[in-house]
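Trainee: Below is the sequence, then the predicted model.
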Amino acid sequence: MKTVITFGTFDVLHVGHLRILERALALGDRLVVGVSTDELSAEKKQRTPIYPLHERMRLIKALRMVDDVFVEESLERKRDYILEHSAAVFVIGDDWAGKFDALRDLCEVVYLPRTPGISTTATIEKIRD
């Protein structure tokens, strides 16, 4: 069984999230997803998530393409997470292109294009307006 691993904040779930998860699963047989802690999300995105970690994890776990969910506490622990979940493929959005190339000694690293015109930040701004 070929395990694919990906990570994200997954705040204000939208079709872009669904598309990246569907495309990630298409690269293997099993999909495990690391959901960033509130603190890590705030550090990465310069804002606190709308929904707390336990709610974001519950939403992701409920998706039919997701086999398992775990807490991502640090960007620097990607290597540990890949080993812990025996992942053969690591998938991340192409806005991180090149950042995780050093992990290629453990698994295949795939940078997928984001869904054009869709982002959590844009969704939140639209709701605020």
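Mentor: Happy to help now that I have it. Numbers count the residues shown, from 1 in each chain.
Trainee: rest of the way, CA atoms for contacts and neighbours
Mentor: OK.
Trainee: hmm, which helix or strand of the protein has the shakiest average pLDDT?
Mentor: Lowest mean confidence among the helices and strands of the chain (mean pLDDT, DSSP states H and E): helix 120-128, at a mean of 62.
Trainee: after the host helix or strand of E43, next one along is what?
Mentor: Assigned by DSSP states H and E, E43 falls within helix 38-45. Once the chain leaves helix 38-45, the next helix or strand it forms, by DSSP H and E, is helix 53-61.
Trainee: now the strands: where do they sit in the protein?
Mentor: 3-8, 30-36, 68-72, 89-93, 108-112 (DSSP state E).
Trainee: Now tabulate those strands in JSON lines and tack on mean pLDDT.
Mentor: Shown next, in JSON lines, are the strands of the chain (pLDDT from 0 to 100):
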{"stretch": "strand 3-8", "mean pLDDT": "97"}
{"stretch": "strand 30-36", "mean pLDDT": "98"}
{"stretch": "strand 68-72", "mean pLDDT": "98"}
{"stretch": "strand 89-93", "mean pLDDT": "96"}
{"stretch": "strand 108-112", "mean pLDDT": "97"}
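Trainee: Turn those strands into TSV, columns for mean neighbour count and distance to L21.
Mentor: Below are these laid out as TSV (neighbours: other Cα atoms under 10 Å; distance: least, Cα to Cα, whole Å):
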stretch	mean neighbour count	distance to L21
strand 3-8	23	8
strand 30-36	23	8
strand 68-72	17	12
strand 89-93	21	9
strand 108-112	18	10
